[in-house]
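**Q** here is my input; please provide its structure:
(chains A and B)
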Amino acid sequence: MWAPTIALVGGGTGLVGDPSGKTEMRKLLTVEDVAANVVGLKNQLARFIDFSNDRAIMVNNADWLTQLAYIPFLRDIGRHFSVNRMIKAESYKMRLDSEDGLSFIEFNYMVLQAYDFLELQKRYNCCLQMGGSDQWGNIVAGIDLIRRVDGQSAFGITFPLITTASGAKMGKTAAGAVWLDPERTSTYDYYQFWVNTDDRDVGRFLALFTFLPMDEIEGVERLEGADLNAAKSILAYEATRLAHGAEGALAAYQSAMAMFGNRSIPTRLLPSSSIPRDVADVADETVPQMEMDIDIFKAGIPCFKLFHQVGLTESSGAARRLLQQGGGYINGCRPEAFDQLITTNDIKDMELVLRAGKKHFFKIRIKN
RNA sequence: GGUGGGGUUCCCGAGUGGCCAAAGGGAACAGACUGUAAAUCUGUCGGCGAUGCUUCGGAGGUUCAAAUCCUCCCCCCACCA
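**A** Down below sits the predicted model:
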């Protein structure tokens, strides 16, 4: 019989910090920060794992780790660990060789994670741990510990960390990291992140990040060049649907069409996707936007200031450079000068669409 | 605790009294080319309505002039204990 899936949140180990694969010690998080992260993680996970009817459960290792007493822990658990073997682990190697070294607190991480496995085995009869490939050493340490303490067998599976075709780790984008939380990465940006996928990654990402049938995805592998763009739309739509819900995905899709122009999606391409094939009414409500009072434009405002104010650039100096280099557009036109005054004459249909570069849009809605 | 070496702009890393907002590389952004792709080439890359202002771990000091010299403090690394 299957035990429920257990999602383990690291409220306890998060207080310590995992040195695996890191070249330097990460800043220690405060207890409050870790607690806040745990809450955030729970919300994220709930989108991907079904916790209803205890089909899956979520546990926080802070529940047992923070209760541990040092001496008993050393005597019961610590004695099973060989330092000689630990320092040979790949996850510590990098740090052992580095200038920064490895602090004792981080050295303990493996012990704690191994203990987690033991604890889960005892509490829930858990015998299989899954994780990213950087967790290999930690998982194996847990398997070992369970065998030594209980004589039981336990197992582990790891999967490779995903990189893009250009070699970068997943999760970085123009504006910085991509977050699952809509508060940190808007639905629009999240969708755009996926649309901008490298050609070479489209098929692989469809397989990894959507639940579309593999035989349909195989069809995508044969596409080339611009034909892939429709597949990218579907990838973005499906990935956004999973992380932000169907409504958000649809809105982001429509926003993209409003800003970048319609893109027809062939009916035969990935037919299992629920992305709308017939383009009907196009809304753009997820495009970053704000309201501004019309008085501002009656007086006129230099356009570089406008770019800075809406957050399209980080400073007004950057806005000035952007405009001077021809990277800024207002309603699709390049201003004559970086400090050209934007007035009511520039407003069309009570809106103003600013654009930085090819793909960063911002819409200003004018309010009387 | 002792000895020695370090902390430079997002990251790596030059710079040991003026020519330094600070080489070079990476990342990033923009332009050209394109397909909201990649590669390539070019430009930009601390802030400010700007021939001036604030930066080089922190606080003082010397000097006409300090990232560079001096003093104290904080942090990191190596070896020793």
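
**Q** any stretches of the stretch 251-368 of chain A with poor pLDDT?
**A** Judged by pLDDT under 70, the stretch 251-368 of chain A has its weakly predicted residues at A:279-283.

**Q** which positions in it make contact with RNA strand B?
**A** Counting by Cβ under 7 Å from any atom of the strand, the residues of the stretch 251-368 of chain A lying close to RNA strand B are A:256-257, A:259-260, A:263, A:301-302, A:305, A:308, A:314-318, A:320-322, A:325-327, A:339, A:356-360. For the C-beta atoms, the positions are set from N, CA and C on the backbone; glycine is no exception.

**Q** of these, buried ones?
**A** A:256-257, A:259, A:301-302, A:305, A:308, A:316, A:320, A:322, A:327, A:356, A:360 (16 or more other Cβ atoms under 10 Å).

**Q** report the secondary structure state of the closest residue to A:Trp194 other than its chain neighbours.
**A** Closest residue in space to A:Trp194, ignoring its immediate chain neighbours: A:Ala236 at 3.6 Å, by Cβ to Cβ, 6 or more residues apart in numbering. For A:Ala236, the assignment made with DSSP: H, G, I helix; E, B strand; the rest coil gives helix.

**Q** these two touch, right, A:Ala236 and A:Tyr191?
**A** Yes - if you go by Cβ atoms under 8 Å, A:Ala236 and A:Tyr191 touch, sitting 4.8 Å apart.

**Q** what's the one helix or strand A:Ala36 maps to packed up against?
**A** A:Ala36 belongs to helix A:31-48 when assigned by DSSP states H and E. With contacts taken as 3 or more Cβ pairs under 8 Å, 6 or more residues apart in numbering; DSSP states H and E, helix A:31-48 sits against strand A:5-9, strand A:56-60, helix A:228-244.

**Q** where does the residue nearest to A:Trp194 land on pLDDT?
**A** For A:Ala236, the pLDDT comes out at 94.

**Q** mind listing what it touches?
**A** A:Tyr191, A:Gln192, A:Phe193, A:Trp194, A:Val195, A:Thr197, A:Ala252, A:Tyr253, A:Ala256 (Cβ atoms under 8 Å, 6 or more residues apart in numbering).

**Q** mind checking how far it is from RNA strand B?
**A** From A:Ala236 across to RNA strand B, the span is 8 Å (Cβ to the nearest atom of the strand, to the nearest Å).

**Q** and A:Pro19, by the same measure?
**A** With Cβ to the nearest atom of the strand as the criterion, A:Pro19 and RNA strand B are 12 Å apart.

**Q** helix, strand, or coil at the residue lying closest to that residue once chain neighbours are set aside?
**A** Computed as Cβ to Cβ, 6+ apart, the closest residue to A:Pro19 that is not its neighbour in sequence is A:Glu106, at 4.1 Å. At A:Glu106 the chain is in helix, as set by three-state DSSP.

**Q** pretty sure A:Glu106 sits against A:Met94.
**A** No - A:Glu106 is beyond contact range of A:Met94, at 11.7 Å (criterion: Cβ under 8 Å).

**Q** who has more neighbours, the two?
**A** A:Glu106 (21 against 15; other Cβ atoms under 10 Å).

**Q** now the one helix or strand A:Val220 maps to and helix A:228-244, what's the angle there?
**A** Per DSSP H and E, A:Val220 falls inside helix A:214-221. Angle of helix A:214-221 versus helix A:228-244, following axes from the mean of the first three to the mean of the last three Cα atoms, to 10 degrees, is 140 degrees.

**Q** off-centre distance for helix A:214-221?
**A** Offset of helix A:214-221 from its chain centre (Cα atoms, centre = their mean, to the nearest Å): 24 Å.

**Q** got the CA coordinates for that helix in CSV?
**A** Provided in CSV are the C-alpha atoms of helix A:214-221 (Å, rounded to 0.1, in the frame of the first residue of the first chain):
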residue,chain,number,x,y,z
MET,A,214,4.4,13.1,-24.7
ASP,A,215,3.3,11.9,-28.1
GLU,A,216,2.0,15.3,-28.9
ILE,A,217,5.2,17.0,-27.7
GLU,A,218,7.2,14.8,-29.9
GLY,A,219,5.5,16.6,-32.8
VAL,A,220,7.0,19.8,-31.5
GLU,A,221,10.5,18.4,-31.7
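
**Q** tell me if it is near RNA strand B.
**A** No - using Cβ under 7 Å from any atom of the strand, helix A:214-221 stays clear of RNA strand B, coming no nearer than 11.7 Å.

**Q** list the buried residues of that helix.
**A** Neighbour-count burial for helix A:214-221, counted by 16+ other Cβ under 10 Å, picks out A:Glu216, A:Ile217, A:Val220.

**Q** report all helices and strands that that helix contacts.
**A** Using 3+ Cβ pairs under 8 Å, 6+ apart, helix A:214-221 sits against helix A:202-209.

**Q** residues in contact with both of A:Ala236 and A:Tyr191, list them for me.
**A** When Cβ under 8 Å, 6+ apart defines a contact, the residues bordering A:Ala236 and A:Tyr191 alike are A:Ala252, A:Tyr253, A:Ala256.

**Q** and of those, the nearest to RNA strand B?
**A** Lowest distance from RNA strand B to the shared contacts of A:Ala236 and A:Tyr191 (Cβ to the nearest atom of the strand) belongs to A:Ala256, with 3.2 Å.

**Q** is it true that the closest one touches A:Trp194?
**A** No - at 10.4 Å, A:Ala256 does not count as touching A:Trp194 under the criterion of Cβ under 8 Å.

**Q** with adjacent residues omitted, what lies nearest to A:Gly328?
**A** A:Leu322 (4.9 Å).

**Q** please, which helix or strand holds that neighbour?
**A** Using DSSP H and E, A:Leu322 sits within helix A:316-324.

**Q** pull the residues that contact that helix.
**A** A:303-305, A:307-308, A:312-313, A:328, A:335, A:337-339, A:356-357.
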